[in-house]
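[1] For reference, the sequence and a predicted model appear below.
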Amino acid sequence: MKKYAFELLKPEFASTVQPGDILVAGTNFGCGSSREQAATVLSGNGVRCIIAKSFARIFFRNAFNSGILLITCDGIRDVCEGGDMVTVNLDTHQVQANGHSFSFGAIPENLLQIVENGGLIEDTKKRVAAGLHPSPCQKLDETARRKKGFTMAEKLLRNNAGVDAIKPGDIVITHPDMFMIHDIYTPYLLDTLQKMGVEKIADPDKVTIIFDHCMPTAVAKNDSAHYDAGLALSDKYGITKLHVGEGICHSIMHEMRCAKPGEVATATDSHTITYGGAGNFCSGIGTAEMAAALATGELWFKVPEAIKIVLNGHLPDGVLSKDVILKILGDIKADGGQYKSLEFTGPAAHEMSMLARFTVSNMALEAGAKCGLFEADEKTAAYYDMPLSEIDWVCVDEDAHYEKVLTYNVNELEPQLSCPQGVDNVHPISEVVGTPIDEVYLGSCTNGNLEDLAIAARYMKGKHVPDDMRFIVVPATNKVYKDAIRLGYIRIFVEAGAVISHPCCGLCCGMPYGLMYDDERILSTANRNFIGRQGTKKTLSYLCSPAVAAVTALTGRVADPRDFATEDV
Amino acid sequence: MSTFVETMLGAPAGQPARITPDLVVVNDGICHTAVEMAGMVRSPAKVRVIFDHDVPTGQPEAARAFGEIRRFAKSNGMRFIQAQGVGYQYLLEQEVRPGMIVVQGGSHASIYGSVGALGINVSATELARVLEHDYYNAIVPETVTVRVEGTLPAGTTMMDAAMVFLSDNPCLAGKSVEFSAPTLDAHQKAVLCSMACETGAFCAAVTDTEGRDVTLDLSQVVPMVTTMPCPSRDVQKDAVRQPKEVLQGMKLQAGQIGGYTGGTIEDLRLAASLIEGKTLARGFRLTIAPATSADYLKALDEGLIERFIDFGAQISAVGDHSVVTQGAGVIGKGEKLLTTGLYTYAGCMGVEDSEVYTGSVPSVMAAAVTGQV
């Protein structure tokens, strides 16, 4: 595969690059190359160091884990060209070329060791073989934790890593308080752990395995292998927190109060970011990283820049937190939060319920964000049954440095739709109303919670969808399902003409729970409408709030919930 | 004295008859191709177009079929039904009355015989002809009369009895099967009639016939399974039914309640009664698919769905899940499934190198607890 590196940009690259060469690049290097292969083809060609003005988020992790040293440095690109000699001094944090010298941020010893050992898998293998001496977890004490002047991401990371001084771009070693593995990655994770020679993981009690993407088993040639591997992981490594077909991992994680405010969590899924709604620093990682993190108990993060998002006013009736995040996504676009911490504050943020906050954090990912954080307040404390005084340090400091501040007055907000074919193609409902819709999907870790079902039920009670409308409801978890049965929501949906599927990721992740054909339109409460995700390449996919979903299902055309009455349920 | 089928068709056995149905049913099963063949529809008010198999659609192709039969229904002004569950059960409960003739593409049209209606299974080509002309011609079949006696032993169901009947009477192809079964309840009659044409009988019905060409002694019924998985759907009618003990101890990875049969409220009640105080075997996946929305709502009200959820079952959407190549409940390479559904041919519930066996509700629920037959 390595001969194809930069094939389209620089065809001669693979034949001319020499082992040990340093690449010097511009901004957002590695963008669009989220696969691990983008980094492995470079390391396969002997590239050991890349210096760029900035790096794409996923590539940054993958490259280090493939044994490539990445240095973020602003000026060097302008003072050298191909073939020049560049010197990197790791002791003095300096890069030099053609008589110019630039400094770069700290890179922890552990990370250099990963590079030195040729990548994460090899590094972990060596550490395991040498008897593995995990670094101690030393969180900050109460006084240090409460020090002001930091963004929430900085606070959460410095607390966990036990580092007093911290700034964006620094790399810190955390000891995550919670790890979650879902069934998409169970076979690969098991395989990687074996390759690393891991016989025992650092702390099985901090790990949860959830079968939700491939359970119920629905893709015959794959899913049973994921099921078997999940059980094998549980058996081999003594992981007793196992949820088989009980609902969507992220919804279960907050429902079980697993990822707590003030803590750091990680999981093998991009929407791990959801728990940010509770003021938890959480971000998704790949298989190799999860394997290493399980073995060592450690995980490195680059401290992100932060954007403060102030939400003023009160949400009008029929306008929900989903509309808020869709509006933001439409404004800042899919890359507007690239490796940033989006930090939500303001009266409308505090007015949101916990479930409404999880919706916002969940979708912050679609702007490329590293995390989407809400301040811990009374609602957070009540939801997690924790004293507020334990978690109220997770808040926005007036004197913290934010790269940008965005202010919204939600009084004026109208319902928003993400339109085909991209999450950031957002339009206010007034521009989309009346569009015929063939299928409506109510569910997902974004909007499949009890509150979401309640909102839809209020619009649908006693009414019926057109006889050719496919209306599919998938409660997020078994608990949501059972509560919705008891509260009568499920009956309302069935009487309205819905089909109910068992709690799982379902159609949201493109699994076969209502896939569509060419030119058909689906409107869903999920978080992604990428091309082909819910059917063929020509299926048109829209994203919206549960209120819009309900009234659209009733009329067969995109409808505005503000034009509809609700019933008590 | 005329037999049931002779009376319904107005001609003696062996004679041609013009069959003019009261109800014509098109669904997304194998007969949906009839909509491409039918140039026009003579009596749209008689036709029900039902989407009840691939629910929710497991592949884009199923959505294409949905669109096709929906357009067909709309352009001809016919009633389109979806999200109601298995069409047979839905129509049996909602529309079919004694004395009606129902023409449908599917081997379980005989279920309507349980309420004294004549349900006839036709090919897609014939179905298209019926849509166009409002009738078709057939030779009135010979009748086999069956006397149903005795009571079922504990642990067995009408599903087992029906399998015993099919196994003991291999030569039913083309016949009309008439049961005299005064002791059976409505659900048992439906199961018996629905299964009776699995080996190629023309139709079946429960009547008050006094004939007894054959006796089905319920007291002799044992738990049954369809054993030898068949290589293709074409030879499914030759599947072998044997006492369950021949598979005793065989390890299973999955079970299904539903799959056309097994998902009615009576079945769900029975299934729920068998898991009291028990736990799902580790590594065993249990899928429960209620037959119709009405059954599902009853099960909600009776707390059955919650009990199934707590047991660890996966609740599938209502519908006919007897063939699922992609969708909830499929099995993978080398896996074995025991289902109350009807098909056992290779690939009917997932990949081709998996094995599907059919059995009764108690057999599936026992497997869910033990992980084996």
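    The structure has been received and is ready for your questions.
[2] Alongside chain A, which residues does the stretch 201-350 of chain B contribute?
    Contacts of the stretch 201-350 of chain B with chain A, taken as CB under 8 Å from any CB of the partner chain, map to B:253-254, B:282-283, B:285, B:287, B:293, B:296-297, B:300, B:305-306, B:309, B:312, B:314-319, B:325-333, B:335, B:349-350. C-beta: built from backbone N, CA, C; applies to glycine.
[3] Which members of those residues occur in strands, if any?
    B:A254, B:R285, B:T287, B:Q314, B:I315 (DSSP state E).
[4] Compile those into a markdown table and extend it with columns for pLDDT and neighbour count.
    Formatted as a markdown table, those follow (pLDDT from 0 to 100; neighbours: other CB atoms under 10 Å in any protein chain shown):
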| residue | pLDDT | neighbour count |
| --- | --- | --- |
| B:A254 | 98 | 30 |
| B:R285 | 98 | 29 |
| B:T287 | 98 | 28 |
| B:Q314 | 98 | 25 |
| B:I315 | 98 | 27 |
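[5] Domain ranges for the chain, per the record?
    The chain I'm using is chain A. A:2-105, A:142-275+A:282-298, A:305-412, A:416-563 (automatic domain parsing).
[6] meant chain B, my bad for not saying
    Residue ranges for the domains of chain B, per automatic domain parsing: B:17-136, B:139-221, B:224-370.
[7] So which of the domains of chain A is the most surrounded?
    When those are scored by mean count of other CB atoms under 10 Å in any protein chain shown, the highest mean neighbour count falls to domain A:416-563 (a mean of 23).
[8] A:N425 and B:Q242: what is the separation?
    According to CB to CB, to the nearest Å, A:N425 stands 59 Å off from B:Q242.
[9] again, but for A:R145
    The spacing between A:R145 and B:Q242, counted by CB to CB, is 69 Å.
[10] ok, now A:A292?
    Taking CB to CB, one finds A:A292 at 53 Å from B:Q242.
[11] Then A:E414?
    A:E414 is 65 Å from B:Q242, by CB to CB.
[12] Check A:G75 too.
    Counting by CB to CB, the gap from A:G75 to B:Q242 is 81 Å.
[13] now B:T226
    8 Å.
[14] And for B:V146?
    Counting by CB to CB - B:V146 and B:Q242 are separated by 21 Å.
[15] more neighbours, these two?
    With neighbours defined as other CB atoms under 10 Å in any protein chain shown, B:V146 and B:Q242 compare such that B:V146 has more, 25 against 15.
[16] Can you check what pLDDT the model gives A:G32?
    As predicted, A:G32 sits at a pLDDT of 62.
[17] Equivalent analysis for the one 5 residues further on, please.
    The per-residue pLDDT reported for A:Q37 equals 78.
[18] Would it be right to say that it lies in a helix?
    Yes - counting by DSSP: H, G, I helix; E, B strand; the rest coil, A:Q37 is part of a helix.
[19] In space, what's closest to it - neighbours in sequence excluded?
    Leaving aside its sequence neighbours, A:Q37 sits nearest to A:M1 (CB to CB, 6 or more residues apart in numbering or on different chains; 6.6 Å).
[20] quick one: contacts for the one you found?
    Neighbouring residues of A:M1 by CB atoms under 8 Å, 6 or more residues apart in numbering or on different chains: A:Q37, A:T40, A:V41, A:G44.
[21] Excluding chain neighbours, what is closest to the one residue in the stretch 351-500 of chain A that gets nearest to chain B?
    With CB to the nearest CB as the measure, A:V499 is the residue of the stretch 351-500 of chain A nearest to chain B, at 4.4 Å. The shortest distance from A:V499 to any non-neighbouring residue, by CB to CB, 6+ apart, is to B:A317 (4.4 Å).
[22] Could you measure from the residue of chain A positioned farthest from its centre over to A:V79?
    Distance from the C-alpha centroid of chain A, by CA atoms, centre = their mean, peaks at A:G99 (42.2 Å). Distance, A:G99 to A:V79, by CB to CB: 8 Å.
[23] before we move on, back to that, I'd like the contacts of A:M1 written out as TSV, with secondary structure added.
    Output for the contacts of A:M1, formatted as TSV (three-state DSSP):
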residue	secondary structure
A:Q37	helix
A:T40	helix
A:V41	helix
A:G44	helix
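[24] Quick one: which of those residues has the lowest pLDDT value?
    Confidence-wise, A:Q37 trails the rest of the contacts of A:M1, at 78.
[25] got a pLDDT number for the closest residue in space to B:A281 that isn't next to it in sequence?
    Distances taken as CB to CB, 6+ apart put B:G371 closest to B:A281, at 3.5 Å, once the chain neighbours are dropped. According to the prediction, B:G371 has pLDDT 98.
[26] Quick check, A:F64 in contact with A:N117.
    No - the criterion here is CB atoms under 8 Å, and A:F64 misses it with A:N117 at 11.6 Å.
[27] For the stretch of helix or strand A:A306 belongs to, name the packing helices and strands.
    Here A:A306 sits within strand A:305-312, counting by DSSP states H and E. The contact analysis (3 or more CB pairs under 8 Å, 6 or more residues apart in numbering or on different chains; DSSP states H and E) places strand A:305-312 against helix A:152-161, helix A:321-332, strand A:340-345, helix A:347-351, strand A:404-409.
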